[in-house]
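A.B. asks: Show me how the following folds:
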Amino acid sequence: MIELDKLFEGNKRAISKAISIIENEEEYSKDLCKKIFSRTGKAYRIGITGPPGAGKSTITLRIAQNLIKSNHKVGILAVDPTSPFTGGALLGDRVRMQELALEKNVFVRSMATRGSLGGLSKKTRDAADVLDASGMDIMIMETVGVGQSELDIAKASDTTIVVLVPESGDSIQAMKAGLMEIADIFVVNKSDRDGADEAVLAIKNMLELRGQSASWDIPVHKTIASTNQGIVELVNSIFLHKDYLINSNLLKKKRIDNLINMIHEIVSQELKINFWNDEKENYLSAKIESIYNREFCVYDFVKDLFECK
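C.D. replies: You can find the predicted model right below:
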């Protein structure tokens, strides 16, 4: 158990303990999520994604440093890949975030994806709610760089930033749905490398061909995050996008859509947990040989499963 009063006051130890309870799926985790839910929905959520090596962690670091200068309280969740074989995660983002470790108004946590194909841990949203309830007014979620499968980030964020590098220019045309279509803001990082201008032009051409939103003109920023170049302009675009969403009433719509997605996921998870019992498992074991030999149709078997009590 944790002291909720301390969590709501922003106590870092209480925040850390709450996230651990959620991440480890401890018995109290669901009850904890229920108790903090009424305190959520206040923080603005930024998603940062992109291919490996694009410098997402450094971008996250620089954005956070900029925000705390303006007295924002910033929560950062860095989602790392989990090995499907060992279950181990390369929790290296916290090392790259050491510059923020001593800041009073920043909380940084690395989380494993736990096998989530979307690049966003199933528990990351619950952890984001913990940070929201603790008084953080801006949340940054940086997701594992696995390319176009990271669509989950758009479902959990108010503003989604896609970070690319100059070398991405040649492959931008191949990035169809997926990664390229979730961006509210594009960043070409490491723009001191050759090909940066070409990458920016390729992104703008792609946006023009696709047809942009009538109201929001998706910006494409060049940054060199290692030296903080272009970060102020990027942060300005984040707040311009926030203003756009609020003024057009799209922020409420987006968050309602996100809640609907969340409810669908919870229902699917609960159905999966509650569906299987000993009788159904035994029936599966008894029939699997016949199904393998094509003596019994898999679709008829599933129908029979639903008729089992």
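A.B. asks: my guess is Leu67 contacts Val235, does it?
C.D. replies: Yes: in this structure, Leu67 is within contact of Val235 by C-beta atoms under 8 Å, at 6.9 Å. The C-beta positions use only the backbone N, C-alpha and C, and glycine is treated the same way.
A.B. asks: Quick check: bridge partners of the residue nearest to Ser16 when sequence neighbours are not counted?
C.D. replies: For Ser16, ignoring the flanking residues on the chain, the nearest one in space by C-beta to C-beta, 6 or more residues apart in numbering is Arg109 at 7.2 Å. Arg109 forms beta bridges with Leu77, as assigned by DSSP bridges.
A.B. asks: Might one say that Arg109 is in contact with Ala127?
C.D. replies: Yes: counting by C-beta under 8 Å, Arg109 does reach Ala127; the two are 6.7 Å apart.
A.B. asks: elements contacting the longest helix belonging to the chain?
C.D. replies: For the chain, the longest helix by residue count, based on DSSP state H, is helix 250-275. Counting contacts by 3 or more C-beta pairs under 8 Å, 6 or more residues apart in numbering; DSSP states H and E, helix 250-275 is packed against helix 152-156, helix 231-247.
A.B. asks: quick one, domains of the chain?
C.D. replies: 40-248, 276-307 (automatic domain parsing).
A.B. asks: Now the ones you listed in a markdown table, please, with extra columns for mean neighbour count and distance to Gln269.
C.D. replies: Shown next, in a markdown table, are these (neighbours: other C-beta atoms under 10 Å; distance: least, C-beta to C-beta, whole Å):
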| stretch | mean neighbour count | distance to Gln269 |
| --- | --- | --- |
| domain 40-248 | 19 | 8 |
| domain 276-307 | 11 | 13 |
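A.B. asks: Lowest average pLDDT across these?
C.D. replies: Lowest mean pLDDT within the domains of the chain: domain 40-248, at a mean of 82.
A.B. asks: Show the end-to-end separation of that one, please.
C.D. replies: 22 Å (C-alpha to C-alpha, to the nearest Å).
A.B. asks: do stretch 108-127 as well
C.D. replies: Note: stretch 108-127 ends 11 Å apart using C-alpha to C-alpha.
A.B. asks: Alpha carbons of the helix or strand harbouring Asp5, as PDB, please.
C.D. replies: Element membership for Asp5, per DSSP states H and E: helix 4-8. Output in PDB follows, covering the C-alpha atoms of helix 4-8 (Å, rounded to 0.1, in the frame of the first residue of the first chain):
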ATOM      1  CA  LEU A   4      -2.100   8.500  -1.400                       C
ATOM      2  CA  ASP A   5      -1.700  11.900   0.300                       C
ATOM      3  CA  LYS A   6       2.000  11.800  -0.400                       C
ATOM      4  CA  LEU A   7       1.400  10.700  -3.900                       C
ATOM      5  CA  PHE A   8      -1.000  13.600  -4.500                       C
END
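A.B. asks: about what we covered before: adding distance to Arg13, write the domains of the chain out as JSON lines.
C.D. replies: Converted to JSON lines, the domains of the chain look like this (distance: least, C-beta to C-beta, whole Å):
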{"stretch": "domain 40-248", "distance to Arg13": "11"}
{"stretch": "domain 276-307", "distance to Arg13": "38"}
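A.B. asks: Quick one: closest of the helices and strands packed on helix 250-275 to Phe301.
C.D. replies: Closest approach to Phe301 among these (C-beta to C-beta): helix 152-156, 31.0 Å.
A.B. asks: tell me what the next helix-or-strand element following that closest one is packed against?
C.D. replies: Next helix or strand after helix 152-156 toward the C-terminus (DSSP H and E): strand 159-164. Here strand 159-164 touches strand 44-49, helix 56-69, strand 185-188, helix 231-247, going by 3+ C-beta pairs under 8 Å, 6+ apart.
A.B. asks: could I get the ones you listed as TSV with distance to Phe301?
C.D. replies: As requested, those are exported to TSV (distance: least, C-beta to C-beta, whole Å):
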stretch	distance to Phe301
strand 44-49	39
helix 56-69	44
strand 185-188	47
helix 231-247	47
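A.B. asks: closest to Lys287 out of those?
C.D. replies: strand 44-49 (42.2 Å).
A.B. asks: Can you give the strand pairings for that closest one, parallel or anti for each?
C.D. replies: strand 138-142 (parallel), strand 159-164 (parallel).
A.B. asks: Can you tell me which residue is spatially central in the chain?
C.D. replies: By C-alpha atoms, centre = their mean, the mean C-alpha position of the chain lies nearest to Ile153, the distance being 3.9 Å.
A.B. asks: Quick check: bridge partners of the nearest residue to it once chain neighbours are set aside?
C.D. replies: Excluding its sequence neighbours, the residue lying closest to Ile153 (C-beta to C-beta, 6+ apart) is Gly47, at 3.9 Å. Taking DSSP bridges as the rule, Gly47 bridges to Met141, Thr160.
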